[in-house]
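> Got a predicted structure here, sequence first:
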Amino acid sequence: MPRPERRSLPASARVTSQDIRRDVAATSALRAVEELRRSALVFETEFAEALSRSPPVRRESLRNLLHYLSVRRHDVRDVQYALARLGLSSLGRMESHVLASLNAVLDVLYRLAGRTVPPDVREPPPIDFDTGRAVLTEQAVAVLGPPPRHGPTRIMVTLPSEAAADAGLVRDLVDSGMQLARINGAHDDRDAWAAMVRNVHAAARREGKRCLVSFDLAGPKLRINAIEPGPAAARWHPRRNAFGDVIEPATVVLAAAAADAPDGAVPIDAALARRARAGDAIDLTDNRGRGRSLAVRESSGKVLVCLADATAYVKPGVVLTLRRHGKRLLRGAIGDMAPQPGTITLSPGDMLDVVLGDRPGRDAVRDDGGTVREPAVVSCALPEVFRAVRVSDRVMFDDGKVMGTVHEATEERMRIHVVHCASGRVRLRGEKGINFPDSELALPALTEKDRTDLAFAARHANLVALSFVQRPEDVEMLLVVLARLKAGHIGVVLKIETQRAFRDLPRLLIAAMRHPTVAVMVARGDLGVEVGFERLSEVQEEILWLCEAAHMPVIWATQVLESLSKGGMPSRAEVTDAAMAARAECVMLNKGPYIRETLRFLNDVLGRMQAHHDKKTALLRKLSISDIPTAAPHSRSRRATPAAVR
């Protein structure tokens, strides 16, 4: 019997296993994205009251934040992989336009499944792909001022105390790219702050630029108090190489006791300061009975700049002999000196007592054999701290340089067992910060001092930063006080610097969106200590995402290019950190002797990075290094080699 002829289907009618897998994946992804969208709309209804309290200008941004929070309550990684395999958006850049992203993906998935696209999916939401970015840009301008020419990231600079008297310094900062001047309410006083504001405004007018003023409220003084001063003495020592040879002499500044001496100058008799000339020598016997000599390099009649090639320890009364060409001219003495700043030396295994009050701290008391009879003591003036801590809670001092755990605790004293010290040993100075990452501190973000300072900020500043914000009630209290001061126009900055603030960031943002102009500062110093430096990168990323979803600008703060600002040379890690900061709307620099150079350097880095990154998106501008020859030079014949190459 003849075999029937096999007829093949046309190619367009064939169904392959790949088609089946694609249809199954599309159907599965469709159900998952439908559920994400449904959950987001339901979650929004749970915050109807918060939406009704927000001003119209912020309402759609609050809706977008709620949609984003709803999506991030799920692990959507499998959905993202499925969408990527279908050649669709993986929802990885949905922060500023959540509903628009979900709708766009659903539209394609419905069509792939051969289903009609529902009308509510086809209808564009109020925040779409264009308006999401535009709203964030508008908010950044409203809070932080217009962006610079190099891109969207502004630069804020913490003003040093000298900015109150040195108008030229402020002009240089404005000229070098400072767009926001930060005044720290924990330092200086109202007269100094007012002078800083005047200098900022005068410099901005002179340079034809705009520079806003941000005022940081001091917040609760979560730090140790002063430590008993050390002895009235001074020390200098040269730099030596590994063989002990002097490679750089020590610079020693001597100044007439009656003169306005530079900081750190050793006071001497005025007659000796007047008589000394460059090239003279000053001989002395230091506290250890060792003969030493200083070479006078510069003399103004009041201040002598000298060089020393040997270490010396001196105190008031040490006799100085001025010599010229080996001949004795005059004898004098070192005058009264200010005591050295007090320190407490700590190592792992030590005990440290923290007591309630404001008494000066002191180092450990030891017997003649060096055994500790009484542990070192520091004080803290906040009773709420002592009521909150529990045995085994972690305690950190001076940005985490010292870490310990609570060994014993009462309402007036806690004993800390030191478990870690940077470099194995730390000299702890007074006025350093304390962090309690495991303790729920019932501290108000607004102190009485802050309430008084707010009146100054309302008159003179464009922004006010709320330090140590932890709970929505802190934000609400600030808004109430600003309303009483009729200062609703002033921008508000939430400083995220504790573990609790990060944990409750969504609630803080929702509370803050009752105000029309709000920004968030990532205070990475304290925050890194609180959450652990190993988690800091992850935490700052999450803050950036949530703030973008809320269309709220971010200030990237703490230790940006600090080595450059303080020492004149950045580290490689700091340069990378500065480049990453380009994803924020503003970067904050701290004061330092090289702040002008740091400003110019940061401007250059930000200008370069804005062509490569926009938030989480890598921008694919043309790369000059991609222009490579189509064939290797050795594969060309000599006759084909261009003349320019030959």
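Thanks, I have it.
> Give me the longest helix you can find in this protein.
Among the segments of the chain that qualify as a helix by DSSP state H, the longest is helix 17-45.
> Now it: average pLDDT?
Helix 17-45 shows a mean pLDDT of 84.
> buried set for it?
By neighbour count, with 16 or more other CB atoms under 10 Å as the criterion, the buried positions of helix 17-45 are Ala25, Ala26, Ala29, Leu30, Ala32, Val33, Glu34, Leu36, Arg37, Ala40, Phe43, Glu44. All C-beta atoms are positioned from the backbone trio N, CA, C, and that covers glycine.
> looking at it, the fifth one is touching Gln80, isn't it?
To tie it back to what came earlier, the one meant is Ala32. No: using CB atoms under 8 Å, Ala32 makes no contact with Gln80, being 9.9 Å away.
> and Lys495, that's in a helix?
No: counting by DSSP: H, G, I helix; E, B strand; the rest coil, Lys495 is not found in a helix; it is strand.
> Please report how far it lies from Met588.
Distance of Lys495 to Met588, given as CB to CB, to the nearest Å: 11 Å.
> list the residues that contact both of the two?
Met521 (CB atoms under 8 Å, 6 or more residues apart in numbering).
> can you list the domains in the protein?
Per automatic domain parsing, the structural domains of the chain span 17-127, 139-220+444-609, 234-333, 343-435.
> So which of the ones you listed is the most surrounded?
Ranked by mean neighbour count, those are led by domain 139-220+444-609 with a mean of 20 (mean count of other CB atoms under 10 Å).
> Straight-line length of it, end to end?
End-to-end distance of domain 139-220+444-609: 22 Å, with CA to CA, to the nearest Å as the criterion.
> With stretch 583-597 instead?
End-to-end distance for stretch 583-597: 22 Å, by CA to CA.
> Stretch 42-49 too?
Start and end residues of stretch 42-49 are separated by 14 Å (CA to CA).
> could I get the domains of the chain as CSV with distance to Ala226?
Listed next are these as CSV, based on distance: least, CB to CB, whole Å:
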stretch, distance to Ala226
domain 17-127, 44
domain 139-220+444-609, 15
domain 234-333, 18
domain 343-435, 4
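> what's the closest of those domains to Arg133?
domain 17-127 (5.8 Å; CB to CB).
> Distance from the chain centre to the closest one, please.
Centroid separation for domain 17-127 versus its chain: 34 Å, with CA atoms, centre = their mean, to the nearest Å.
> now stretch 443-458
Here the centre of stretch 443-458 is set off from its chain's centre by 22 Å, with CA atoms, centre = their mean.
> Just the C-alpha atoms of it, please, in PDB.
Output of stretch 443-458 as PDB, limited to C-alpha atoms (Å, rounded to 0.1, in the frame of the first residue of the first chain):
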ATOM      1  CA  LEU A 443      15.100  62.000  72.300                       C
ATOM      2  CA  PRO A 444      13.200  64.900  70.800                       C
ATOM      3  CA  ALA A 445      14.700  66.100  67.500                       C
ATOM      4  CA  LEU A 446      13.900  69.700  68.400                       C
ATOM      5  CA  THR A 447      15.600  71.000  71.600                       C
ATOM      6  CA  GLU A 448      14.800  74.400  73.200                       C
ATOM      7  CA  LYS A 449      18.000  75.800  71.600                       C
ATOM      8  CA  ASP A 450      16.700  74.600  68.200                       C
ATOM      9  CA  ARG A 451      13.400  76.300  68.700                       C
ATOM     10  CA  THR A 452      15.200  79.600  69.400                       C
ATOM     11  CA  ASP A 453      17.500  79.100  66.500                       C
ATOM     12  CA  LEU A 454      14.600  78.400  64.100                       C
ATOM     13  CA  ALA A 455      13.500  82.000  64.500                       C
ATOM     14  CA  PHE A 456      17.000  83.100  63.200                       C
ATOM     15  CA  ALA A 457      16.800  80.500  60.400                       C
ATOM     16  CA  ALA A 458      13.300  81.600  59.300                       C
END
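> Let me see the mean pLDDT of it.
92.
> Equivalent analysis for stretch 424-435, please.
For stretch 424-435, mean pLDDT is 91.
> So which residues make contact with it?
222-227, 341-348, 354, 360-361, 378, 380, 385, 395-402, 498, 526, 529-530.
> Which members of those residues are positioned in strands?
Thr343, Ile344, Thr345, Leu346, Val354, Val378, Cys380, Val395, Met396, Phe397, Val402 (DSSP state E).
> Closest one to Glu408 out of those, please.
Of the ones in strands among the contacts of stretch 424-435, the one sitting nearest to Glu408 (CB to CB) turns out to be Val354, at 10.7 Å.
> which residues pair with that closest one across the strands?
With beta bridges defined as DSSP bridges, Val354 has these partners: Val378, Met414.
> That one contacts Arg413, doesn't it?
Yes: with contact defined as CB under 8 Å, Val354 reaches Arg413; the gap is 7.1 Å.
> Model confidence score at Glu534, please.
86.
> Name the next helix or strand downstream of the one helix or strand it maps to, please.
Following DSSP states H and E, one finds Glu534 within helix 533-549. As assigned by DSSP H and E, the chain's next helix or strand after helix 533-549 is strand 554-557.
> ok, then the element right after that next one?
helix 562-567.
> now that next one, how far from the chain's geometric center?
In terms of CA atoms, centre = their mean, the gap separating the centre of helix 562-567 from the centre of its chain is 14 Å.
> what do you get for stretch 209-226?
Relative to its parent chain, stretch 209-226 has a centroid offset of 13 Å by CA atoms, centre = their mean.
> could I get it in PDB with only the CA atoms?
Extracted as PDB, the C-alpha positions of stretch 209-226 are listed here (Å, rounded to 0.1, in the frame of the first residue of the first chain):
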ATOM      1  CA  LYS A 209      25.500  84.100  41.000                       C
ATOM      2  CA  ARG A 210      22.900  82.600  43.300                       C
ATOM      3  CA  CYS A 211      24.000  81.000  46.600                       C
ATOM      4  CA  LEU A 212      21.400  79.700  49.100                       C
ATOM      5  CA  VAL A 213      21.900  79.500  52.900                       C
ATOM      6  CA  SER A 214      21.200  76.200  54.700                       C
ATOM      7  CA  PHE A 215      21.000  76.300  58.500                       C
ATOM      8  CA  ASP A 216      21.600  73.000  60.400                       C
ATOM      9  CA  LEU A 217      19.800  72.800  63.700                       C
ATOM     10  CA  ALA A 218      22.100  71.400  66.400                       C
ATOM     11  CA  GLY A 219      19.700  68.800  67.700                       C
ATOM     12  CA  PRO A 220      20.200  66.900  71.000                       C
ATOM     13  CA  LYS A 221      23.800  67.000  72.100                       C
ATOM     14  CA  LEU A 222      24.500  63.300  71.700                       C
ATOM     15  CA  ARG A 223      28.200  63.500  72.600                       C
ATOM     16  CA  ILE A 224      30.500  63.300  75.600                       C
ATOM     17  CA  ASN A 225      31.500  66.500  77.400                       C
ATOM     18  CA  ALA A 226      34.900  68.000  77.800                       C
END
